[in-house]
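[1] Sequence plus the predicted model coming up.
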Amino acid sequence: MSSILVVEAEGTITSLLKGALEINSYQTVTILNGGDAVQFALREVPHLIVIDLLSPGLDCYGLIRRLRDHPKCMHIPILVVSRAASRAERIRALELGIDGYITKPVDADELLAYVRRQLCRMHQTSLSPLTQLPGGLQLERAIDHKLGSTEPWSILYLDFDHFKAFNDAYGFLAGNDLIILLSRICQGVVYEYGNADDFIGHIGGDDFIILTTPDRATVIYRQILERYKDQSKALYRPEDVQRGSISAVDCKGCLYDIPLVSLSIGVVSDQWHYPHNVVEIGTLVAQAKRLAKQSSENVYQISDWALLQRRPHPSNALPSIRRDVNRFPHSLFRAVQEDTLAKYR
């Protein structure tokens with residue numbers, strides 16, 4: 001069930017939303033303080049956040065800033081409810097990135113109209129229509145956020161093997177089902193074994209990225225591989241599963257066998273917080289994925305020493321990192337897309 005986070009003390013907003021939206025599979029969750037609200041947003045990634053600016057003891061503007069600054073929840077629409085505010089207060093809230101300002105006393109029809117519009121907008125513009133996962137610029141910002149942190153990080157790049165052949169044999173709708181299955185497995189595994197702020201992104205097609213920490217990376221990729229191998233069998237015809245391959249016909253009418261779709265995961269980790277830029281990371285994750293496809297275990301890791309060898313001048317690297325990110329806002333995806341296109345040439 002999708003969730004709407006309401007940060008308020010009185011419960012008035014929650015009551016209005018519960019009666020109107022829960023019949024449409026939206027669960028309304030009420031939280032009273034900003035710290036818990038941020039943790040909930042990172043953990044559950046609600047579809048909408050509504051904040052009562054008059055909630056006692058709540059730093060509302062600080063809460064909005066924290067939500068907007070974190071790449072995992074920066075896409076979530078935020079509505080604020082308050083009394084008639086001064087022009088300066090409204091401008092401040094808008095500049096922090098809110099999506100709507102509703103004046104008390106709350107008109108139920110107006111509130112619901114705002115909520116429905118923002119839910120619709122988020123699904124249309126911010127997330128992958130197929131997997132409901134973020135991608136594009138939001139994914140690049142999430143990686144930039146990891147690179148700028150003082151914490152160690154790991155990036156997992158997931159990609160199917162023989163996916164195009166599966167699409168040709170079973171049809172694109174079955175291919176979509178396979179992508180959706182992997183999306184759900186990733187979300188379930190990261191929820192169970194990852195950190196609250198771990199990020200899952202859908203680059204496009206059958207390519208996914210997971211941002212986590214080195215201490216969680218191994219259990220995450222092992223669980224994903226295990227669950228995918230088990231659950232993907234339901235998407236094949238029984239005879240294909242038993243044989244371990246798919247019979248197909250090439251353009252000349254000749255029969256040939258296609259292996260079942262497997263999953264490869266490239267892992268890039270840095271436990272020493274060595275400076276890197278998005279261009280370099282894009283190259284590294286694409287290389288790790290290629291090597292994973294050649295591995296008998298379908299996993300390949302690049303970490304620590306390999307990373308250090310690539311950047312001989314750490315002392316003056318940070319200014320250039322910021323320039324690289326600004327200059328090449330989609331450089332990560334150029335590397336990934338070029339590698340993906342090579343599969344079809």
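    In hand now; what should we look at?
[2] Just the C-alphas of the one helix or strand R92 maps to, formatted as CSV.
    Per DSSP states H and E, R92 falls inside helix 87-96. What follows is helix 87-96, C-alpha atoms only, in CSV (Å, rounded to 0.1, in the frame of the first residue of the first chain):
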residue,chain,number,x,y,z
ARG,A,87,4.2,37.2,1.9
ALA,A,88,7.8,36.6,3.2
GLU,A,89,6.8,33.4,4.9
ARG,A,90,5.1,32.0,1.8
ILE,A,91,8.1,32.9,-0.4
ARG,A,92,10.4,31.3,2.1
ALA,A,93,8.4,28.0,2.0
LEU,A,94,8.3,28.1,-1.8
GLU,A,95,12.0,28.7,-2.1
LEU,A,96,12.7,25.7,0.1
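[3] Report the buried residues of it.
    For helix 87-96, a neighbour-count test (16 or more other Cβ atoms under 10 Å) marks E89, R90, A93, L96 as buried. The way it works is simple: take the backbone N, C-alpha and C, and place the C-beta from them, glycine included.
[4] domains for this protein, by residue range?
    For the chain, automatic domain parsing gives the domain ranges 2-125, 136-342.
[5] Make CSV out of those and add mean pLDDT.
    Putting those into CSV (pLDDT from 0 to 100) gives the following:
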stretch, mean pLDDT
domain 2-125, 86
domain 136-342, 82
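[6] what kind of secondary structure is A196 in?
    Of the three states, A196 takes coil under DSSP: H, G, I helix; E, B strand; the rest coil.
[7] what's the neighbour count on I51?
    Under the neighbour criterion other Cβ atoms under 10 Å, I51 is assigned a count of 26.
[8] got a list of contacts for the helix holding R92?
    Residues from elsewhere that reach helix 87-96, judged by Cβ atoms under 8 Å, 6 or more residues apart in numbering: L53, Y61, I64, R65, R68, V80, S82, A85, Y101.
[9] Just name the closest of these to N176, please.
    Using Cβ to Cβ, R68 comes nearest to N176 of the contacts of helix 87-96, at 32.0 Å.
[10] For the nearest residue to that closest one once chain neighbours are set aside, which residues are in contact?
    Leaving aside its chain neighbours, R68 sits nearest to G97 (4.2 Å; criterion: Cβ to Cβ, 6 or more residues apart in numbering). G97 is in contact with I64, R68, I78, counting by Cβ under 8 Å, 6+ apart.
[11] Restricted to strands, list those.
    If you go by DSSP state E, the contacts of G97 have I78 in strands.
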